[in-house]
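Asker: Kindly generate the corresponding structure for this input.
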Amino acid sequence: MALHETARETGEAEVIVPDAALQGRVAVVTGASRGIGREIVLALAGAGCDVVIAAKSVTEKPNLPGTIHSVAAEARALGARALAVQVDVRDDSAVRAMVARTVAEFGRLDILICNSGACGGAMSRILPFPSSTLYTA
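Answerer: Down below sits the predicted model:
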């Protein structure tokens, strides 16, 4: 993984050093419109990954800031290619469409991080990862 120095350790802003193993990889992060998912996307983007921001949120709400589009813009600001995809991971056809868009845009899918609260079902049935490599956050 990328090398991180936290603000607590340095007294400065967080520094993310690109990791050669992640350079040019394509990562899909579900539940990526806010919170931990957003942070994962930004860490991967800063480490050199192209990212797919997959979540249901396309409009901001007063009590829930952040959307797939705002996180994609943040990832692009870090120099990553970013694709925002609205998806309900409980829906097989929506997951298939997300994978198809990812492959159409980037040519492949290297990393899957299941961060949404509803991961499992459709994700594990559809994506071509051996069950031993499918981890949920």
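Asker: Return the residues in contact with residue 38.
Answerer: When contacts are counted by Cβ atoms under 8 Å, 6 or more residues apart in numbering, residue 38 touches 32, 66, 71, 74. Heads up, the C-betas are built off the backbone N, CA and C, glycines and all.
Asker: and the second one, what does it touch?
Answerer: Contacts for residue 66 were tallied using Cβ under 8 Å, 6+ apart; they are 33, 34, 35, 38, 57, 60.
Asker: May I ask which of those has the most neighbours?
Answerer: residue 33 (28 neighbours; other Cβ atoms under 10 Å).
Asker: Is it in contact with residue 72, as I believe?
Answerer: No. Judged on Cβ atoms under 8 Å, residue 33 makes no contact with residue 72 at a distance of 9.6 Å.
Asker: Which residues are in contact with each of those two?
Answerer: Common neighbours of residue 33 and residue 72 (Cβ under 8 Å, 6+ apart) are residue 53.
Asker: which regions of this protein lie under the pLDDT threshold?
Answerer: Residues of the chain meeting the criterion pLDDT under 70: 1-18, 118-137.
Asker: Mind jotting down where the helices sit in the chain?
Answerer: For the chain, the helices defined by DSSP state H occupy 7-10, 35-46, 68-77, 92-106, 121-126.
Asker: closest to residue 112 out of these?
Answerer: When the helices of the chain are compared by Cβ to Cβ, helix 121-126 sits nearest residue 112, at 7.5 Å.
Asker: For the residue nearest the centre of the chain, which non-adjacent residue is closest in space?
Answerer: Geometric centre of the chain, nearest residue: residue 29, 2.6 Å, by Cα atoms, centre = their mean. Distance criterion Cβ to Cβ, 6 or more residues apart in numbering; nearest residue to residue 29, sequence neighbours excluded, is residue 113 at 4.6 Å.
Asker: distance of the one you found from residue 61?
Answerer: 24 Å (Cβ to Cβ, to the nearest Å).
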